[in-house]
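> A structural model of the following input is requested.
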Amino acid sequence: MIGRLFQGVAGVADETHSFHAGSAAPSLIPVPCSLFPAFDKLHEECGVVAIHGHPDAARQAYLALYALQHRGQESAGIATADGQHMANIKGMGLVSEIFTDDVLAKLPGSMAIGHTRYSTTGDSALLNAQPIRVESTKGLIAIAHNGNLVNLGNVRARLERDGAYFQTTSDSEIIVQLIAHSHAGSLVDAIADSLGQIDGAFSIVMMTRDRIFAARDPRGFRPLSIGRIRNPEGPDTIVFASESCAFDLLRAEFIRDILPGELVMVTEDGVTSRQYATGVPQSSCIFEHVYFARPDSRIYGRWVQESRDQMGRQLARESGIPADVVVPVPDSGVTAALGYAEEAGLPFRFGLIRNHYVGRTFIEPEQRVRDFGVRLKLNPVRNLLEGKRVILIDDSIIRGTTSRKIVRMVRGAGAKEVHLRISCPPTISPCFYGVDTPSKRDLIAANKSIEEIRRYIGADSLAYLSLDGLLQCCKGKDPVGYCTACYTGNYPTGWVDVEELQPAIAVF
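Model (predicted):
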């Protein structure tokens, strides 16, 4: 049975609208991924939001997605419902490009779910943009999914044998198809039954014409929280989001994380919950604290800012070295660098300035500039670096190509020494739980020793945070089990792609 949690809450034509952000002017060309430092990082997969009981739910979802834009920049979508009808608008591009006032006006209703996407399974195309909407024997259902299913091939093949017709190549649609083909009597039971058949990472929000659902996988790989916008004149608005920073923009009160294996339902009568799976060890993604989540978010019961500050401090304790200045690689290295500088008693300086206004296109220079992409995004402050022994702080090294260019840039600005410090352990294995990771053959730490990496990137010294140190830095008041497969190669589930785990045949 579904048990009562707390009281308070209020619920567009049946057609799907599609929108595609305008293409660049002919004089501009797209920025290749390899040009930017951020693209030599692990890519987050998605962000999800849900709103129940607000007269302008679409705009609330838009604002929440705006706060979660860092979790995916390929596509975005919002679906709304008013108790009888459902509307769905999605497009390729950024949230601000897709959802203008005119577009939001086409999304009436007091309920909404939203999604911002970076694809990990399925093509990067409009048909795979979410929310995905399916008409079924259980009624009209829209879903937005953050994560990645690892047994999707087997489940999809079984569904197709049973007559399921898939509209997309996204693994997210499998969840809705399982619900549609479930023999359970009620919709809630069908959802619980379906979630029990899939394996991998999923934090999902779903919407029917009159209800909102939210759930996390039994291992709690991806974050998902519930919040509330208080309404003194009526039922409160209930909000779900991948990160609590979205609540801040909505002036919503953070209530708690959705528990691993928990299914929450919101109707006009209130909020109820059931535990559809138990007894599975928690394996929350520790890289959310290292890089993915915004530092002003609270996930897994702990503030991200606090975790990253502690990572920097622990890094200084483990691998401190005489130096003159601590410099972060912006923006992801800033908080750890602050912690390192305070712990080491060294001055912190923004010796690299990031250009936040590059956009997704640029005018190509007539002559190729060496390391053009890095210089387009970052520029050194020569008077802060010249003649100095520099501690350069970054959150991770994936392929090593960007780190090499940044070290070269700092040396070119006159640094006497460059010591690179990384606020996580070496990344040696790909992720199969919703993070777009290169295969093992492309991960530099899986194929080179730390000394070989140091020589490749050209630093005077290189040190990573230890795994024990990282786990200690992310330890909260309540015990949390973390997935560290990217650092250890020990996966909490089966069904991993062995081809992706093969080491490189040739050295870099």
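
> domain assignment for this protein?
3-18+45-280, 301-501 (automatic domain parsing).

> pLDDT below threshold where in this structure?
1-45, 119-125, 127, 152-153, 163-170, 358-371, 495-508 (pLDDT under 70).

> pull the longest helix from it.
helix 304-319 (DSSP state H).

> tell me the helices and strands packed up against that one.
Contact analysis of helix 304-319 by 3 or more CB pairs under 8 Å, 6 or more residues apart in numbering; DSSP states H and E lists helix 334-344, strand 417-422, strand 461-464, helix 467-473 as its packing neighbours. Bear in mind the C-beta positions are built from the backbone N, C-alpha and C, glycine included.

> so what touches stretch 465-479?
Contacts to stretch 465-479, defined as CB atoms under 8 Å, 6 or more residues apart in numbering, come from residues 286, 289-290, 300-302, 307, 310-311, 314-315, 317-318, 422-425, 480, 482, 484, 487-488.

> quick check on the residues you listed: which are buried?
Using 16 or more other CB atoms under 10 Å as the burial test, those include 286, 289-290, 300, 302, 307, 310-311, 314-315, 422-425, 480, 482, 484, 487 as buried.

> what's the burial count for the residue lying closest to His181 once chain neighbours are set aside?
What sits nearest to His181 in space, not counting adjacent residues and going by CB to CB, 6 or more residues apart in numbering, is Asp162, at 5.8 Å. Asp162 has 9 neighbouring residues, counting by other CB atoms under 10 Å.

> what's the spacing between Asp162 and His145?
21 Å (CB to CB, to the nearest Å).

> before we move on, what about Asp257?
Going from Asp257 to His145 by CB to CB gives 18 Å.

> more neighbours: the two, which one.
His145 (30 against 21).

> quickly find the element holding the more buried one.
Using DSSP states H and E, His145 falls within strand 139-149.

> got the buried residues for that strand?
Buried residues in strand 139-149, counted by 16+ other CB under 10 Å: 140-149.

> before we move on, what about stretch 411-429?
411, 413, 415, 417-429.

> could you pull out the helices in the stretch 101-250 of the chain for me?
In the stretch 101-250 of the chain, the helices defined using DSSP state H, counting those that start in this stretch lie at 101-104, 152-161, 172-181, 187-195, 245-250.

> what does the stretch 251-400 of the chain give?
287, 304-319, 334-344, 372-377, 382-385.

> angle of the second one against strand 417-422?
This means helix 304-319. Going by axes from the mean of the first three to the mean of the last three CA atoms, to 10 degrees, helix 304-319 is angled at 130 degrees with respect to strand 417-422.

> give me the contacts around helix 304-319.
With contact meaning CB under 8 Å, 6+ apart, helix 304-319 is reached by 288-290, 293-298, 335-344, 393, 421-424, 463, 465-466, 469-470, 472-474.

> re earlier: could the helices and strands packed on helix 304-319 go into a markdown table alongside distance to Gln69?
Formatted as a markdown table, the helices and strands packed on helix 304-319 follow (distance: least, CB to CB, whole Å):
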| stretch | distance to Gln69 |
| --- | --- |
| helix 334-344 | 18 |
| strand 417-422 | 26 |
| strand 461-464 | 29 |
| helix 467-473 | 26 |
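
> out of the ones you listed, flag the one nearest Gly227.
With CB to CB as the criterion, Gly227 lies closest to helix 334-344 of the helices and strands packed on helix 304-319, at 23.5 Å.

> what's the closest one in contact with?
295, 305, 308-313, 315-317, 320, 323, 326-328, 346-348, 391, 393, 395, 421, 423.

> list buried residues within those.
Listed as buried from the contacts of helix 334-344 are 295, 305, 308-313, 315-316, 320, 323, 326-328, 346, 348, 391, 393, 395, 421, 423; burial here means 16+ other CB under 10 Å.

> ok, back up a step: direction included, what does the strand holding His145 pair against?
Applying DSSP bridges to the sheet, strand 139-149 is found paired with strand 132-136 (antiparallel), strand 200-207 (antiparallel).

> just those strands: most buried one?
Burial of those is given as mean neighbour count (mean count of other CB atoms under 10 Å); strand 200-207 ranks first at a mean of 28.
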